[in-house]
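Engineer: predicted coordinates and the sequence they were generated for:
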Amino acid sequence: SEALFGEAEPETKMISMEKAEEAKLKAKYPNLGSKPGGSDFLRKRLQKGKYFDSGDYNMAKATKNKQLPVASVEKTEITGDHIPTPQDLPQRKPSLVASKLAV
Amino acid sequence: AMAGVGGGNDFQWCFSQVKGAIDEDVAEADIISTVEFNYSGDLLATGDKGGRVVIFQREQESKNRPLSRGEYNVYSTFQSHEPEFDYLKSLEIEEKINKIRWLPQQNAAHFLLSTNDKTIKLWKISERDKRAEGYNLKDEDGRLRDPFRITSLRVPVLMPMDLMVEASPRRIFANAHTYHINSISVNSDHETYLSADDLRINLWHLEITDRSFNIVDIKPANMEELTEVITAAECHPHQCNVFVYSSSKGTIRLCDMRAAALCDRHSKFFEEPEDPSSRSFFSEIISSISDVKFSHSGRYMMTRDYLSVKVWDLNMENRPVETYQVHEYLRSKLCSLYENDCIFDKFECCWNGSDSAIMTGSYNNFFRMFDRNTRRDITLEASRENSKPRAILKPRKVCTGGKRKKDEISVDSLDFNKKILHTAWHPKENVIAVAATNNLYIFQDKIN
């Protein structure tokens, strides 16, 4: 017969705990679909990493990588005053730093 | 003999080493995403979210430094994968290393496969400790000399140099997966390997990168009918025609590649029966299998779902032979674990070398070990507070209700951000590697 180890609750208690948790969730989100493991959830999983376009992706990356505080903009700066050159543009690719495990 | 779990008189786990930064601010790139010993246990590889691989090598015993017996030190590190963007589908391709699998060693070099969501790479790690010197074909500034001006034949001599460990990508297996790769597994024939994504499994030859065979395809004709995805896959350790794959519905299928070219029809189907009246909103989600591992013997396999680890006898499909509760107390927290997405965490599991014990991770930097023979289980913690050299790890206990004893921790105090998803057990000895977010802990047994 099957061996059961570790701390096991009697099965009836298990079921009622789970159903109590389900009731809690449905109380918070009444529009939650009745088939949770079904297509909506799985399709969302398959869509992981989807962006609207590459511009959207690069914007998201830039925001994530911004770790330094933004330098305060000088009040005298006028937009349109300076024509950007490739050297002026911020690096979009994050610099490849060695792993801290290898220190 | 190889014992697995503490509690006996003759066995205890001790802290050995910890790798990684101490500071509280964890950069996402530093989060360890896979840990794997090689076949001898002398090498330990880690992969992280930043696409980097770090390989540690075990120090040989030495009379000069007896205390560093068995210490793992950095051997090689390299950038395996880089972030990409699929412009055609507007999909981000993360550089995170999902899995590393070593190839059995056949010569002086070491080979491993590393994979992100889309591309698998074969890396060769080799040592160079000599260099040829004494060429007289070039000028001092490196320009080739005019052959007519070279009047003597000088044979270069191999001179010793400081050991250099080089990693080079030998094969790139790309463009075979539409969905996200979750598993790779080297076959026992040492010539082929499989890669699995959410809906398909491919078989590759290690020498051939421009072709792979699709052996499982569960994509429905109409994606609206999708009910189940592949979560993990592994080749049988001895039978090169057999592999298994697990699903998000808690089932495992064993397939035989001799039976058909396309293994959509399984040879064996493993599922534990469930009472339909006990089903809840969470049932399917917590039954989703996050990892499947064959025992070294090849007679059993182990599956990890959200709350438990199950051992299956390959000859019995209708239920597991052993079930171990990892953190049953979380059943009363499923609502909040769904809200904070923890219910979707993918824990891995592993066997010890003799298959007498199994290990898996939990929250609060706890990890659990189960001894299959003595029926004992233990909860240990990977923490900087227990990190004095050779300090014995004290068993931990979660208080599930009522009075909390001293040294116990209550369920509500558990830190769900401290997840141990990846653990590895040395193939021959009682040495384990535990990944705690951005830190790698190594624990060893203490021989009394």
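Structural biologist: Sure thing, it's come through. Since the structure is predicted, the reported quantities are computational estimates derived from the model, not experimental observations. Residues are numbered from 1 along each chain as shown, chains lettered A, B, ... in the order given.
Engineer: for the rest of this, base every contact and every neighbour count on C-alpha atoms.
Structural biologist: Fine.
Engineer: quick one, domains of chain A?
Structural biologist: What automatic domain parsing lists as the domains of chain A is A:1-34, A:37-65.
Engineer: which stretch in those is the model least sure about?
Structural biologist: Lowest mean pLDDT within those: domain A:1-34, at a mean of 74.
Engineer: so the closest residue to B:Leu414 other than its chain neighbours: helix, strand or coil?
Structural biologist: Nearest residue to B:Leu414 in three dimensions, chain neighbours excluded: B:Asn364, at 5.3 Å (CA to CA, 6 or more residues apart in numbering or on different chains). With DSSP: H, G, I helix; E, B strand; the rest coil as the basis, B:Asn364 sits in coil.
Engineer: burial of B:Asn364, as a residue count?
Structural biologist: Counted by other CA atoms under 10 Å in any protein chain shown, the residues lying close to B:Asn364 total 20.
Engineer: show me what contacts it?
Structural biologist: The contact partners of B:Asn364, by CA atoms under 8 Å, 6 or more residues apart in numbering or on different chains, come to B:Glu381, B:Leu414, B:Asp415, B:Phe416, B:Asn417, B:Lys418, B:Lys419.
Engineer: B:Arg253 is nearest to which of the domains of chain A?
Structural biologist: domain A:37-65 (19.1 Å; CA to CA).
Engineer: surely B:Ser185 is within a strand?
Structural biologist: Yes - the assignment for B:Ser185 is a strand, going by three-state DSSP.
Engineer: so how far is B:Leu334 from it?
Structural biologist: Per CA to CA, to the nearest Å, B:Ser185 is found 32 Å from B:Leu334.
Engineer: cool, and B:Arg299?
Structural biologist: Distance from B:Arg299 to B:Leu334, by CA to CA: 34 Å.
Engineer: more neighbours: those two, which one.
Structural biologist: B:Leu334 (25 against 14).
Engineer: which SS state does that one fall under?
Structural biologist: helix.
Engineer: tell me, what's the model's pLDDT at it?
Structural biologist: For B:Leu334, the predicted pLDDT is 96.
Engineer: would you mind measuring from it to B:Leu307?
Structural biologist: 11 Å.
Engineer: kindly report the same for B:Lys138.
Structural biologist: Remark: distance between B:Lys138 and B:Leu307 (CA to CA) = 67 Å.
Engineer: B:Lys346 now?
Structural biologist: B:Lys346 is 11 Å from B:Leu307, by CA to CA.
Engineer: ok, back up a step: okay if I get the domains of chain A as TSV plus mean neighbour count and distance to chain B?
Structural biologist: Output for the domains of chain A, formatted as TSV (neighbours: other CA atoms under 10 Å in any protein chain shown; distance: least, CA to the nearest CA, whole Å):
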stretch	mean neighbour count	distance to chain B
domain A:1-34	14	5
domain A:37-65	14	5
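Engineer: closest one to B:Phe37 among the ones you listed?
Structural biologist: Across the domains of chain A, B:Phe37 has its closest neighbour in domain A:1-34 (27.5 Å, CA to CA).
Engineer: so who does B:Asp256 touch?
Structural biologist: B:Asn241, B:Val242, B:Phe243, B:Cys263, B:His266, B:Ser267 are the contacts of B:Asp256 under CA under 8 Å, 6+ apart.
Engineer: of B:Lys138 and B:Leu307, which one has the most company?
Structural biologist: Ranked by neighbour count (other CA under 10 Å), B:Lys138 and B:Leu307 place B:Leu307 first, with 18 against 13.
Engineer: need the contact list for the more buried one.
Structural biologist: Counting by CA under 8 Å, 6+ apart, B:Leu307 has contacts B:Ile286, B:Gln325, B:Val326, B:His327, B:Glu328, B:Leu330, B:Arg331.
Engineer: top of these by number of neighbours, please.
Structural biologist: Neighbour max across the contacts of B:Leu307 (other CA under 10 Å) = B:Val326, 27 neighbours.
Engineer: which residues does the closest residue to it other than its chain neighbours form beta bridges with?
Structural biologist: Spatial nearest neighbour of B:Val326, excluding adjacent residues (CA to CA, 6+ apart): B:Ser308 at 5.0 Å. Applying DSSP bridges to B:Ser308 yields these beta-bridge partners: B:Gln325.
Engineer: per-residue confidence at B:Ser308?
Structural biologist: On the pLDDT scale, B:Ser308 gets 98.
Engineer: ok, it touching B:Tyr329?
Structural biologist: No - assessed by CA atoms under 8 Å, B:Ser308 is found out of contact with B:Tyr329, at 11.2 Å.
Engineer: run through who's touching the biggest helix by length in chain A.
Structural biologist: Determined from DSSP state H, the single longest helix within chain A is helix A:11-28. In this structure, residues lying in contact with helix A:11-28 by CA under 8 Å, 6+ apart are A:Leu32, B:Ser278, B:Arg279, B:Ser280, B:Phe281, B:Phe282, B:Arg331, B:Ser332, B:Lys333, B:Leu334, B:Cys335.
Engineer: buried subset of these, written for PyMOL?
Structural biologist: To isolate the buried ones among these in PyMOL, judged by 16 or more other CA atoms under 10 Å in any protein chain shown, type:
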select buried, chain B and resi 280+281+282+331+332+333+334+335
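Engineer: quick check, nearest of the contacts of helix A:11-28 to B:Arg372?
Structural biologist: The closest of those, once distances to B:Arg372 are taken by CA to CA, is B:Arg331, at 24.0 Å.
Engineer: ok, the closest one - contacts?
Structural biologist: Counting by CA under 8 Å, 6+ apart, B:Arg331 has contacts A:Met14, A:Met17, A:Glu18, B:Leu307.
Engineer: same question for B:Arg404.
Structural biologist: B:Ser410.
Engineer: please redo it, this time with the cut-off set to 10 Å
Structural biologist: B:Lys397, B:Val398, B:Ser410 (CA atoms under 10 Å, 6 or more residues apart in numbering or on different chains).
Engineer: distance check, it against chain A.
Structural biologist: From B:Arg404 across to chain A, the span is 16 Å (CA to the nearest CA, to the nearest Å).
Engineer: now the element after the helix or strand B:Val216 falls within, going C-ward?
Structural biologist: Taking DSSP states H and E as the definition, one finds B:Val216 inside strand B:208-217. Per DSSP H and E, the first helix or strand lying C-terminal to strand B:208-217 is strand B:230-235.
Engineer: rewinding a little: and of the contacts of helix A:11-28, the nearest to B:Ser212?
Structural biologist: Of those, the one sitting nearest to B:Ser212 (CA to CA) turns out to be B:Phe282, at 36.9 Å.
Engineer: my guess is that closest one meets B:Cys335, correct?
Structural biologist: Yes - counting by CA atoms under 10 Å, B:Phe282 touches B:Cys335, with 8.7 Å between them.
Engineer: common neighbours of these two, please.
Structural biologist: A:Glu18, A:Lys19, A:Glu21, A:Glu22, B:Ile343.
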